[in-house]
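S.K.: got a sequence here, can you model it:
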Amino acid sequence: MFYEWLYPLKDDISLFNVFRYITFRSGGAMLTAMILAFVFGGPFIQWLKKKQGKGQPIRHDGPENHIVEKAGTPTMGGLLILLPALLATLLWMDWQNVYVWAVLFVTLGYGLLGFMDDYAKVTKQSTAGVSGKTKLAFQFLIAFLAVGMMLTLGDLPPDVGPEYKTSLAFPFVKDALLNLGLFYFVFTAVVIVGASNAVNLTDGLDGLAIVPVMIAAASFGVIAYLVGNFIFANYLGVHFTPGAGEIAVFCAALIGGGLGFLWFNAPPAMVFMGDTGSLSLGGALGAIAVAVKHEIVLAIIGGLFVLEAVSVMVQVASFKLTGKRVFRMAPIHHHFEKKGWKEPTIVIRFWIIAVILAMIGLSTLKLR
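M.R.: Residues are numbered from 1 along each chain as shown. Reported below is the predicted structural model:
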């Protein structure tokens with residue numbers, strides 16, 4: 001909005017020329033989202049407490065201390081991230097950019113789905129919300145539509161054919177592309193849906209999910225800016241994607257909203273993000289990875305989320321096949337709780353892992 005309104009006035013007021021820079025607008029988006037989350041966070045949480053009464057239902061088969069320590073905490077706090085981030089992005093983005101709209105479509109679509117799930121849990125006071133099959137069906141539908149939007153409306157880089165859009169790039173390998181054809185729709189949809197559910201599984205302790213999400217958003221903000229700039233992309237040997245740089249504005253807005261949310265989610269949490277936040281944030285990261293053609297790198301940068309999801313799959317498979325559990329409880333952060341680790345210890349150590357994985361993921365930009 002600011003870009004459309006103020007940048008055209010640059011010839012009359014030279015100061016408005018700064019709106020051409022993605023870095024300036026990214027900083028503005030982050031600051032805007034953060035201030036909105038800080039200002040409205042307290043009143044919003046009080047409103048949630050009045051509306052939700054008993055708050056989010058706590059699993060009775062989970063760690064015993066959760067039943068006492070976390071009972072009565074309101075959920076749907078993901079709105080405290082999404083609404084400021086959405087408003088900030090709309091204020092500072094280039095409204096002509098298809099990639100940002102596609103990412104916003106996934107984020108809002110998954111956010112609405114998560115909101116419905118949280119609402120069902122709160123009103124029924126049950127941990128069973130929207131059925132898993134229904135959620136997956138809508139997640140894949142939204143993902144297919146978003147990928148279709150990127151492929152049909154996104155611009156092609158110079159000197160490449162249309163097959164580029166359905167090709168998969170590989171980290172650490174320069175200029176390597178594998179054309180997946182129509183299977184690209186399936187692959188990228190799995191990436192988006194998988195990222196969404198992986199973040200959802202990670203969201204089990206105060207502050208555990210939001211900081212790794214912000215770390216991943218910062219990493220992909222850098223990647224988006226570089227692959228969207230022909231000079232930087234050519235220098236690094238990564239595939240240039242016209243328009244992808246604008247995604248950095250959205251990534252910055254996510255970080256700002258996440259910082260505001262973390263203020264209230266820090267132990268002991270005053271609010272949980274719920275599926276409203278976790279499904280939408282994970283979906284956003286997946287959609288961003290698809291837009292910048294770094295789907296495989298997402299598995300590195302978001303390796304913590306992958307670990308959480310894999311721990312659940314291993315636990316389920318092992319129990320069904322052998323009747324035995326590999327972990328004391330899944331996802332894996334609960335395993336460490338059962339072993340006696342304190343919640344802050346688990347959370348901070350997982351944050352450290354997320355930082356290390358992000359640095360490895362960013363190194364793929366240069367190590368080719």
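S.K.: strands of the protein, start to end?
M.R.: Per DSSP state E, the chain carries strands over the ranges 167-169, 177-179.
S.K.: out of these, flag the one nearest residue 107.
M.R.: strand 167-169 (23.0 Å; C-beta to C-beta). Just so you know, the C-beta spots here come from the backbone N, C-alpha and C atoms, and that holds for glycine as well.
S.K.: per-residue pLDDT, residue 195?
M.R.: At residue 195, the model reports a pLDDT of 98.
S.K.: go ahead and confirm it touches residue 282.
M.R.: Yes. Counting by C-beta atoms under 8 Å, residue 195 touches residue 282, with 4.6 Å between them.
S.K.: shared neighbours, those two?
M.R.: By C-beta atoms under 8 Å, 6 or more residues apart in numbering, residue 195 and residue 282 have these common neighbours: residue 305.
S.K.: one step back: check the strands of the chain for me and report the most buried one.
M.R.: strand 167-169 (a mean of 18; mean count of other C-beta atoms under 10 Å).
S.K.: ok, that one: who's next to it in the sheet?
M.R.: strand 177-179 (antiparallel) (DSSP bridges).
S.K.: rewinding a little: closest one to residue 321 among the strands of the chain?
M.R.: Ranking those by proximity to residue 321 (C-beta to C-beta) places strand 167-169 first, at 31.7 Å.
S.K.: related to what we said a few turns ago, which one of the strands of the chain lies nearest to residue 328?
M.R.: Comparing those under C-beta to C-beta, the one sitting nearest is strand 167-169, at 37.2 Å.
S.K.: which residues does that closest one contact?
M.R.: When contacts are defined by C-beta under 8 Å, 6+ apart, strand 167-169 is touched by residues 176-180, 184, 187, 238-239, 293-296.
S.K.: ok, and the most crowded of these?
M.R.: residue 294 (28 neighbours; other C-beta atoms under 10 Å).
S.K.: check contacts around residue 84.
M.R.: By C-beta under 8 Å, 6+ apart, the contact set of residue 84 is 32-34, 36-37, 40, 253, 256-257, 260.
S.K.: picking up where we left off before, out of the strands of the chain, which gets nearest to residue 209?
M.R.: Closest of the strands of the chain to residue 209 is strand 167-169, at 27.2 Å (criterion: C-beta to C-beta).
S.K.: good, we can wrap up now.
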